[in-house]
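Q: sequence and predicted structure below; questions after.
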Amino acid sequence: MTKKSNYIAAENRYEKMNYRRTGNSGLLLPELSFGLWHNFGDNDNFKNARNLLTCAFDHGITHFDLANNYGPAPGAAEKNFGKILKTDFKNYRDELIISSKAGYGMWPGPYGDNGSKKYLISSINQSLQRMNLDYVDIFYHHRPDPKTPLEETMGALDLMVKQGKALYIGLSNYQPTEAEKAFEILKDLGTPCLIHQPKYNMFDRWIEDGLLNLLGSSGVGAICFSPLAQGMLTNRYLHGLPKDSRAIRESPFLKTDQVLETLPKIIALNKIAKERNQTLAQMAISWILKDNRITSVLIGASTTEQIVDNVKAIENTHFSNEELTKINEISDNKKPL
């Protein structure tokens, strides 16, 4: 049984964070949002998970980002978040932005994946049940589904809002062409797209080839995931590969060869960060926030110290032309690794 919490949020929490308007909407999001992709599964330390969330909120991070399949096992992150929400954040629900997503494989059979109305409506109902919520603030389609008509997928998202199960709608991992079509459909339905969640960092700059301009002209916000390139844009690999690193464990998202090939770039970028009196992680985050079309950067953390370190990134998001030129040269401009 979960113990009752005596958690009281820091009174000065909103002084520690900056907030940006999300596209043309009335919604403000913190410059840093907290993602629950890792460290909230059934195999993770529950006490640490609670500490991470309360630390984030104490530093003005009001937006918690989940998905139906985050775990392990799938659904575990939402379930554990729901427990923490009940004990620690019961009195703060109206100060939180809680988002979830569906679009990847979640349960067996033909209705547990992709972008059909059947899957998406079932997914949001399950997510609300796991988190013990009446609604989520933002619900995303997690990835495009070329086999389902966009009209069906966007119609399902629109229905969620009209049923009161989500306040806003977002998209994730959509390319510019399909995103533009989706925005038009949602606008016609009367539920404009609030925000797009793409992968973006110094080593993966694909959104600069059209998507960022589209978001700016369409009045849609941007929240970027993987700002630290799976830990490569931190001090973690500056002195070689630690034994517990994801690269050594051969994560599907990060390979040993990838880290070793990128090491000279990491070292060169770290030199610029030092000249800015920032850690490499702080500079990587502030580099994304330099663009006012970006609403928020999604961070993950396994320790509260990492959260505190990342929050310092918002103190300096200005880059000189010389710094930007050097970073472009080092990161090979827009080519993803």
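A: Received, thanks. Numbers count the residues shown, from 1 in each chain.
Q: run through the neighbouring helices and strands of the lowest-mean-pLDDT helix or strand in the chain.
A: None of the helices or strands of the chain scores lower by mean pLDDT, DSSP states H and E than helix 256-275, at a mean of 90. Applying 3 or more C-beta pairs under 8 Å, 6 or more residues apart in numbering; DSSP states H and E, one finds that helix 256-275 makes contact with helix 280-289, helix 321-331. Quick note: C-beta positions are derived from backbone N, CA and C, even for glycine.
Q: which residues outside the longest one are in contact with it?
A: Contacts of helix 321-331 with the rest of the structure, by C-beta atoms under 8 Å, 6 or more residues apart in numbering, involve 202-203, 205, 265, 268-269, 272, 276, 287, 319.
Q: which pair in the residues you listed spans the largest distance?
A: 205 and 276 (19.6 Å; C-beta to C-beta).
Q: what helix or strand is the residue nearest the centre of the chain on?
A: Nearest to the mean C-alpha position of the chain, by C-alpha atoms, centre = their mean, lies residue 298 at 3.6 Å. According to DSSP states H and E, residue 298 maps onto strand 296-299.
Q: what's the average pLDDT for the helix or strand following that strand?
A: As assigned by DSSP H and E, the chain's next helix or strand after strand 296-299 is helix 304-311. The pLDDT scores in helix 304-311 average 97.
Q: helix 304-311 vs helix 280-289, what angle?
A: Calculated by axes from the mean of the first three to the mean of the last three C-alpha atoms, to 10 degrees, helix 304-311 forms an angle of 40 degrees with helix 280-289.
Q: what packs against helix 304-311?
A: strand 32-35, helix 46-58, helix 280-289, strand 296-299.
Q: put the alpha carbons of it into CSV.
A: Extracted in CSV, the C-alpha atoms of helix 304-311 (Å, rounded to 0.1, in the frame of the first residue of the first chain):
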residue,chain,number,x,y,z
THR,A,304,17.5,14.7,-8.7
GLU,A,305,21.0,16.2,-9.2
GLN,A,306,20.5,15.8,-13.0
ILE,A,307,17.3,17.8,-12.9
VAL,A,308,18.8,20.6,-10.9
ASP,A,309,21.8,20.7,-13.3
ASN,A,310,19.5,20.8,-16.4
VAL,A,311,17.3,23.6,-14.9
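Q: distance between that helix and the chain's centre?
A: Computed by C-alpha atoms, centre = their mean, to the nearest Å, the chain-centroid distance of helix 304-311 equals 16 Å.
Q: can you tell me the closest non-neighbouring residue to residue 181?
A: Closest residue to residue 181 apart from its sequence neighbours, by C-beta to C-beta, 6 or more residues apart in numbering: residue 150 at 5.7 Å.
Q: which residues touch the one you found?
A: 178, 181-182, 185.
Q: of those, closest to residue 101?
A: Of the contacts of residue 150, the one sitting nearest to residue 101 (C-beta to C-beta) turns out to be residue 182, at 14.5 Å.
Q: list the contacts of that closest one.
A: Contacts of residue 182 by C-beta under 8 Å, 6+ apart are 150, 153-154, 171, 174, 193.
Q: got those residues as TSV, with secondary structure columns?
A: As requested, the contacts of residue 182 are arranged in TSV below (DSSP: H, G, I helix; E, B strand; the rest coil):
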residue	secondary structure
150	helix
153	helix
154	helix
171	strand
174	coil
193	strand
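Q: and those residues, which are buried?
A: Neighbour counting by 16 or more other C-beta atoms under 10 Å classes 150, 153-154, 171, 174, 193 among the contacts of residue 182 as buried.
Q: and the helices in the chain, which stretches?
A: For the chain, helices defined by DSSP state H occupy the ranges 46-58, 76-88, 117-131, 150-162, 176-189, 211-218, 256-275, 280-289, 304-311, 321-331.
Q: okay, the ones you listed, which one's buried deepest?
A: helix 280-289 (a mean of 24; mean count of other C-beta atoms under 10 Å).
Q: tell me which other helices or strands it touches.
A: helix 256-275, strand 296-299, helix 304-311.
Q: rerun at 10 Å
A: Under the contact definition 3 or more C-beta pairs under 10 Å, 6 or more residues apart in numbering; DSSP states H and E, helix 280-289 sits against strand 221-224, helix 256-275, strand 296-299, helix 304-311, helix 321-331.
Q: surely residue 77 and residue 52 touch.
A: No. Applying C-beta atoms under 10 Å as the test, residue 77 and residue 52 come out as separate, 11.8 Å apart.
Q: which neighbours do those two share?
A: 36, 39-40, 44 (C-beta atoms under 10 Å, 6 or more residues apart in numbering).
Q: could those residues go into TSV alongside distance to residue 69, neighbour count and pLDDT?
A: Shown next, in TSV, are these (distance: C-beta to C-beta, whole Å; neighbours: other C-beta atoms under 10 Å; pLDDT from 0 to 100):
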residue	distance to residue 69	neighbour count	pLDDT
36	11	25	98
39	15	19	96
40	12	27	97
44	15	18	96
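Q: alright, I will stop here.
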